[in-house]
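Visitor: 3D, please:
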Amino acid sequence: MSYISLVEYDQSPDEIKHEFDDQISKHGKITNMKRTLLHSLPAFKAYMEWYTLKDEIEPFIGKRGVIIFSHAISTQNDCLICSTFFRKILIDQGEKPEDLVLSEQEQVLAEFGKQVVKNPDQIPQEIYLRLKDLFSEKEIVLLTAFAGLMMATNLINTVLKVPLDDYLDAYKK
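Guide: I've put the predicted structure just below:
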């Protein structure tokens, strides 16, 4: 059971309706997480910076890299909504999330993502060395910031018990 209600469009002030409309225009729908966040416009806008960082990392890790990295973080963090969201993308692309064939770069991203969640103060030196072989310092900072926002997204969904969106139900593990 969710701790916080989902914001309803019809009962919202114009500035919230604008965000609803913008999300539907950009993504075709508005998720339960976003409807929950819209109780606070500053909170909503802070979390929407996930897209800003995604747009920054995608040129150097690719769309699939973003999905693999996000899925690894969300799965390690045991976030039902986020892990299922990225699981859906993988399945819809014809992949089996339990049996992914990863490139060297994707392996490093997945390992780094899991370690950021599991043991952020004890990430093995080997992972840092592999990151430095593949990415610039600026890119590593961007990846780490993105991981932080992904974890924050996991947190809001888990702590507030945001209900799983209906369109994700068939993709649960």
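Visitor: report how many residues lie close to residue 161.
Guide: 13 (other Cβ atoms under 10 Å). Where you see a C-beta, it was placed from the backbone N, CA and C, and this is true even at glycine.
Visitor: give me the average confidence score over the biggest helix by length in the chain.
Guide: When the chain is parsed with DSSP state H, its longest helix is helix 49-76. In this model, helix 49-76 carries a mean pLDDT of 98.
Visitor: helices or strands next to it in the packing?
Guide: helix 80-92, helix 104-118, helix 137-159 (3 or more Cβ pairs under 8 Å, 6 or more residues apart in numbering; DSSP states H and E).
Visitor: tell me which residues of the last one come out buried.
Guide: By that I understand helix 137-159. Residues of helix 137-159 classed as buried: 139, 142-143, 146-147, 149-151, 153-154, 156-157 (neighbour count, 16 or more other Cβ atoms under 10 Å).
Visitor: could you do the shortest one as well?
Guide: For helix 80-92, a neighbour-count test (16+ other Cβ under 10 Å) marks 80-90 as buried.
Visitor: do the second one as well
Guide: By neighbour count on 16+ other Cβ under 10 Å, the buried set for helix 104-118 is 105-106, 108-117.
Visitor: now for the residues you listed: which two are most distant?
Guide: Pairwise distances across the buried residues of helix 104-118 (Cβ to Cβ) peak at 19.3 Å, for the pair 105 and 117.
Visitor: neighbours of residue 95, how many?
Guide: Residue 95: 16 neighbours (other Cβ under 10 Å).
Visitor: kindly report the same for residue 120.
Guide: The local packing of residue 120 (other Cβ under 10 Å) involves 12 other residues.
Visitor: ok so, going back, residue 130: which of the helices and strands packed on helix 49-76 is closest?
Guide: Per Cβ to Cβ, nearest to residue 130 of these: helix 104-118, 4.7 Å.
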